[in-house]
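>>> this is a predicted model, with the sequence first.
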Amino acid sequence: MVSRGCCPAKIGELTLWWKGPLWLHKEDADWPKKKNIYCQADEALLEARTVSHVLSTVKYDLSIVEKYSSLLKLLRVIALCRRFMHNASKKERLSGALQAGEIDKAESSIIRLVQASSFTSEIQDLCKSSQVSPKSVLLRLRPFLDKNNLIRVSGRLGNASTLNESQQHPIILPAKGVFTKLIFIYWHDNLMHGGQQAVLSAVRQKYWPLNGRNIARHVVHRCVKCFKYRPAVVKPIMGDLPEARVRPAQAFKKTGVDFAGPFIIKSSLRRNALLNKAYACLFFALLLKQGT
């Protein structure tokens with residue numbers, strides 16, 4: 001009774017609390033049937049319950065992608081997780097070093113997760129009508145879903161038999177995403193810290209990142225090693241020219257001398273001619289810059 005909102009002061013007056021319902025004092029034959037067992041309204045206290053409605057939205061968890069700063073390490077971790085799931089559900093267990101096929105499947109699973117998080121409405125439209133909405137950012141790329149449910153660019157290279165599927169139809173990646181940035185960082189390091197044009201060209205061999213040029217520029221600009229090996233050159237302010245260079249005078253009245261060497265020269269035109277050291281001495285007029 002207390003759990004149903006009755007205060008302790010009123011418990012002494014409630015016969016239902018002390019003696020129970022009225023049908024308990026009657027014979028067993030007079031007891032109500034099981035289907036009709038209930039208390040009268042004046043004897044029962046209804047329990048007050050709070051009903052809450054919760055509206056939930058599907059949000060893809062990309063925390064595992066944001067945890068690693070290396071693309072290769074991320075792919076290996078995902079591949080090991082997939083191997084664990086495979087060994088736990090099937091009798092044929094996988095062991096040993098990771099194979100190239102496992103790395104490829106891990107990459108495909110990450111790309112599906114990233115695309116599902118960024119292009120949810122586009123994937124729904126492609127599954128229904130094979131076309132995206134006219135308001136979609138992917139409209140000009142004419143995207144489609146491949147056999148692995150990855151969004152690819154249609155393009156005009158479908159008849160190029162010398163190219164593989166990724167070169168004919170690159171995989172679309174969102175502009176704002178950790179995985180997209182990891183791909184650019186990987187190719188920037190793989191190309192010996194190449195420039196933004198080289199990095200973008202290498203990435204587009206397999207992927208088509210939105211706003212890729214700005215991403216490549218950002219990655220190259222934020223690279224610490226590139227910053228260290230490309231320091232800003234300090235150009236000192238040149239001083240005034242000496243008086244002999246600017247005051248009119250006769251030729252060779254003021255002269256200068258440049259001496260350089262040694263230079264290794266051949267003593268003759270023969271192939272096995274002896275090599276000798278030579279020095280150069282230049283005399284020039286300071287005013288006219290004429291030398292002999």
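Cool, got the structure.

>>> how is this protein divided into domains?
Following automatic domain parsing, the chain resolves into domains at 1-54, 68-229, 250-285.

>>> just those domains: most buried one?
Each of the domains of the chain was assessed for mean neighbour count using mean count of other C-beta atoms under 10 Å. The highest is domain 68-229, with a mean of 15. No exception for glycine: its C-beta is placed from N, CA and C like everyone else's.

>>> what about that one, start to end distance?
Terminal residues of domain 68-229 lie 26 Å apart, using C-alpha to C-alpha, to the nearest Å.

>>> which helix or strand contains the closest residue to G177 other than its chain neighbours?
Leaving aside its sequence neighbours, G177 sits nearest to V114 (C-beta to C-beta, 6 or more residues apart in numbering; 5.8 Å). Per DSSP states H and E: V114 is located in helix 100-118.

>>> can you list contacts of that helix?
Here helix 100-118 makes contact (C-beta atoms under 8 Å, 6 or more residues apart in numbering) with 60, 62, 65, 74-76, 78-79, 82-83, 94, 123, 148-151, 171-174, 176-177, 179-180.

>>> how much space separates the closest residue to E122 other than its chain neighbours from P143?
Spatial nearest neighbour of E122, chain neighbours left out: V132 (4.9 Å); criterion: C-beta to C-beta, 6+ apart. V132 is 6 Å from P143, where distance means C-beta to C-beta, to the nearest Å.

>>> between those two, which contacts overlap?
Between them, V132 and P143 share the contacting residues E122, L126, judged by C-beta under 8 Å, 6+ apart.

>>> list the contacts of L74.
Residues in contact with L74 (C-beta under 8 Å, 6+ apart) are I64, V65, Y68, I110, F179, L182.

>>> could you give the angle of the helix or strand harbouring it to helix 100-118?
Taking DSSP H and E as the definition, L74 sits inside helix 71-89. Put simply, helix 71-89 runs at 100 degrees to helix 100-118, going by axes from the mean of the first three to the mean of the last three C-alpha atoms, to 10 degrees.

>>> using PDB, write out every CA atom in helix 71-89.
What follows is helix 71-89, C-alpha atoms only, in PDB (Å, rounded to 0.1, in the frame of the first residue of the first chain):
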ATOM      1  CA  LEU A  71      46.100   4.200 -41.700                       C
ATOM      2  CA  LEU A  72      48.000   0.900 -41.700                       C
ATOM      3  CA  LYS A  73      47.600   0.400 -38.000                       C
ATOM      4  CA  LEU A  74      43.900   1.100 -38.300                       C
ATOM      5  CA  LEU A  75      43.500  -1.400 -41.100                       C
ATOM      6  CA  ARG A  76      45.400  -4.100 -39.100                       C
ATOM      7  CA  VAL A  77      43.300  -3.600 -36.000                       C
ATOM      8  CA  ILE A  78      40.100  -3.900 -38.000                       C
ATOM      9  CA  ALA A  79      41.400  -7.000 -39.800                       C
ATOM     10  CA  LEU A  80      42.300  -8.600 -36.400                       C
ATOM     11  CA  CYS A  81      38.800  -7.800 -35.100                       C
ATOM     12  CA  ARG A  82      37.200  -9.400 -38.200                       C
ATOM     13  CA  ARG A  83      39.400 -12.500 -37.800                       C
ATOM     14  CA  PHE A  84      38.300 -12.800 -34.200                       C
ATOM     15  CA  MET A  85      34.700 -12.700 -35.200                       C
ATOM     16  CA  HIS A  86      35.400 -15.300 -37.900                       C
ATOM     17  CA  ASN A  87      37.100 -17.700 -35.600                       C
ATOM     18  CA  ALA A  88      34.400 -17.300 -33.000                       C
ATOM     19  CA  SER A  89      31.500 -18.200 -35.400                       C
END
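
>>> any idea how far it is from the chain center?
Distance of helix 71-89 from the chain centroid (C-alpha atoms, centre = their mean, to the nearest Å) equals 19 Å.

>>> strands of this structure, start to end?
For the chain, applying DSSP state E gives strands covering 144-145, 151-152, 171-173, 207-209, 255-266, 275-285.

>>> and those strands as a markdown table, adding mean pLDDT?
Formatted as a markdown table, the strands of the chain follow (pLDDT from 0 to 100):
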| stretch | mean pLDDT |
| --- | --- |
| strand 144-145 | 94 |
| strand 151-152 | 95 |
| strand 171-173 | 96 |
| strand 207-209 | 96 |
| strand 255-266 | 89 |
| strand 275-285 | 90 |
